[in-house]
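Chemist: Predicted model and sequence below, questions to follow.
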Amino acid sequence: MKADLPATLGGRVPQPATVIDLSQLGCLVRSDKALARGAVVDLDIEMPDGPLRVKARVAEASIDGDTLPDLSLIHI
């Protein structure tokens, strides 16, 4: 399902992100932070009915060719 949900990637320095697609099996996240495939991350998503905090594993990560070169698309 297409989405446009603000999110935060946790870590020593939390990074803003946006969930752009969401399903029962995972989500697609756009972020300035480059993540390695297989990395485990804390992801806080601002859902319409309240915040959702999950620990997720990065399934795929790539540079989004339609945006600035520093932005990554992360399939979690």
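Modeler: That came through, no problem. Treat the numbers as computed from the prediction; the structure is a model and nothing was measured. Numbers count the residues shown, from 1 in each chain.

Chemist: C-alpha from now on. contacts and neighbour counts both.
Modeler: Noted.

Chemist: Let me see the confidence value for I74.
Modeler: Listed pLDDT for I74 reads 62.

Chemist: Please apply the same query to G65.
Modeler: Turning to G65, the model gives it a pLDDT of 56.

Chemist: So A61, which state does it fall into?
Modeler: strand (DSSP: H, G, I helix; E, B strand; the rest coil).

Chemist: What count of nearby residues applies to it?
Modeler: Counted with other Cα atoms under 10 Å, residues neighbouring A61 total 20.

Chemist: How are the helices of this structure distributed by residue range?
Modeler: For the chain, applying DSSP state H gives no helices.

Chemist: In it, mark out all the strands, start to finish.
Modeler: Here the chain has its strands, by DSSP state E, at 2-9, 15-22, 27-31, 40-47, 50-57, 60-63, 72-75.

Chemist: nearest residue to M47 other than its sequence neighbours?
Modeler: L5 (6.8 Å; Cα to Cα, 6 or more residues apart in numbering).

Chemist: most centrally placed residue in this protein?
Modeler: In the chain, the centroid-proximal residue (Cα atoms, centre = their mean) is V29; its distance is 3.0 Å.
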